[in-house]
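Asker: Can you look at this prediction? I've put the sequence above it.
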Amino acid sequence: MSQIKAYILFLLYAFLIVFPKVEKMDEKLCFYVDWEDSVSGLTRKFTLNFYPSEKSVEMYESRNKKMFLRKTVIDGLYQKDFYVGNTINVFSRMLKITEFGDQVTQNQCVPERQSTFAMVKPDGMSQLGLILTAVHEAGFVVARAKMTQLNELQAGQFYNEHRGRSFYPELVSYMASGPVLAMELIRSDAVYHWRLTLGPTDSNEARTVAPDSIRAKFGRDKTNNACHGSDSQASADRELAFFFPPTHSGKESPYYPVPTSTFHNSTCCVIKPHALADGVAGQIIEDIVQAGFSITGLHTFHLDYGNAEEFYEIYRGIVEDYTPMVKQLSSGQVMALEISGGGDQIVSTFRQLVGPADPELARKLRPKSLRAKFGKTTALNAIHCTDLPEDGLLEVEYFFKILQ
């Protein structure tokens, strides 16, 4: 009898151990996604199922429920990538996640990923690289970023809730005094954690009670306090819409901030997807500034394979790793920069800082160059920079005029 009881207990133990694993293998997250089909010019809508344990994806056309992609493992996709508003790459198709497909998915994903609005203020822009590094170290993902210049009308509208207070005129004047960087940040409980990372509004108080906070390190006082953060989810949604209005919103609002690009004596720098994923964008920007260059434009993009091919067209048939380069550039988010400050020779002087295309060669010949420090292979060399002087303006215009 004791043997029978022992056998039953063994079966129960095995069931409790194995069943959760089986359940996890069947776990499915469902999303609605849009794909801008460049061939037809149409937006195609799909239902996408993601299986986290397998890192596999399957897709159905939303209109007729017809299968578009059977369950397939997609390297480089993780559950953290699946949140509303993000763009993911599936076989060179850039899919924008528009909605949760069911309540189960929403319940599971919403506590994990929340978005908030963050802004580097004019006085914080000189420390932009260090601030972006602090953002990464605090566990945030930069979902969108854009350098822009507010005028007093726009600054007044953004801080409309403070209208009538004694500090309002000074605040508006200060916010219109120089470029700012607007960002959407993603992580669990993002609103709370970003405000915690910022520290108290008064930088002097922050240095006392939160010495490791951003405002303690980079702020000067209560107004010149380096960064802004939304105080609630409702405020975050409103402030994100102010700086990142829907693309289908029609003509631009008079309050819509404009990019800061100069298109004069400048060159193009693109921080590649793998470098952004590694969290080294802040370090790259800090090195660029320390080398004496200025960043006069910054914008994040998701390039589809066609855009990446178009941008790299000059290298077709010349560079051996052309196809891997295109695949890397279209594999995720890129951060495009307009670099100024090198005079008439800006393209060649900045190229020297970036270093040879092959990081191994860069580590031998120019060990302090950006590719030597942050590159891995020729395709994964962290940074694209303009090679030819005559292409500097063209590449800047591609990102800051054409793609915008």
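Answerer: Nice, I can see it. Just so it is clear, the model here is predicted, and its values are computed rather than measured.
Asker: what about the strands in the stretch 201-350 of the chain?
Answerer: 227-229, 258-259, 266-271, 294-302, 333-340 (DSSP state E, counting those that start in this stretch).
Asker: Mean neighbour count, the ones you listed: which tops it?
Answerer: Per residue and on average, the most neighbours among the strands of the stretch 201-350 of the chain fall to strand 266-271, with a mean of 26 (mean count of other CB atoms under 10 Å). All C-beta atoms are positioned from the backbone trio N, CA, C, and that covers glycine.
Asker: and that strand, how far from the chain's centre?
Answerer: Taking CA atoms, centre = their mean, to the nearest Å, one finds strand 266-271 lying 16 Å from the centre of the chain it belongs to.
Asker: re the thing from before, any idea which of the strands of the stretch 201-350 of the chain scores lowest on pLDDT?
Answerer: Of all the strands of the stretch 201-350 of the chain, the minimum mean pLDDT falls on strand 258-259 (a mean of 76).
Asker: on contacts alone, who are the packing partners of that strand?
Answerer: strand 141-149 (3 or more CB pairs under 8 Å, 6 or more residues apart in numbering; DSSP states H and E).
Asker: Give me the angle between the strand it packs on and strand 333-340.
Answerer: For strand 141-149 against strand 333-340, the angle by axes from the mean of the first three to the mean of the last three CA atoms, to 10 degrees is 30 degrees.
Asker: thinking again about what came up before, got the strands of the stretch 201-350 of the chain as TSV, with distance to Ser177 columns?
Answerer: Formatted as TSV, the strands of the stretch 201-350 of the chain follow (distance: least, CB to CB, whole Å):
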stretch	distance to Ser177
strand 227-229	14
strand 258-259	16
strand 266-271	22
strand 294-302	16
strand 333-340	19
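Asker: Out of those, which gets nearest to Thr148?
Answerer: strand 258-259 (6.0 Å; CB to CB).
Asker: List the contacts of that closest one.
Answerer: Outside strand 258-259, the residues within contact range by CB atoms under 8 Å, 6 or more residues apart in numbering are Lys146, Met147, Thr148, Gln149, Gly297, His299, Phe400, Gln404.
Asker: how does it look with 10 Å?
Answerer: Strand 258-259 has contacts (CB atoms under 10 Å, 6 or more residues apart in numbering) with 146-151, 154, 179, 252, 296-299, 338, 399-401, 404.
Asker: List the strands paired with that strand, with their directions.
Answerer: strand 141-149 (antiparallel) (DSSP bridges).
Asker: now for the helix or strand following the partner strand, which elements pack on it?
Answerer: Next helix or strand after strand 141-149 toward the C-terminus (DSSP states H and E): helix 152-158. Judged by 3 or more CB pairs under 10 Å, 6 or more residues apart in numbering; DSSP states H and E, helix 152-158 is in contact with helix 168-175, strand 179-187, helix 233-243.
Asker: follow-up on the earlier one: and of the strands of the stretch 201-350 of the chain, who's closest to Asn89?
Answerer: Going by CB to CB, the one of those nearest Asn89 is strand 294-302, 7.8 Å.
Asker: quick one on the thing from earlier: make a PyMOL selection of the buried ones in the contacts of strand 258-259.
Answerer: Selection of buried members from the contacts of strand 258-259 for PyMOL, criterion 16 or more other CB atoms under 10 Å:
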select buried, resi 146+147+148+150+154+179+296+297+298+299+338+399+400
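Asker: which stretches of the stretch 251-400 of the chain aren't confidently modelled?
Answerer: For the stretch 251-400 of the chain, the stretches with pLDDT under 70 are 251-257.
Asker: picking that back up, ok, which of the helices and strands packed on helix 152-158 comes nearest Arg70?
Answerer: Here strand 179-187 is closest among the helices and strands packed on helix 152-158 (CB to CB), at 29.6 Å.
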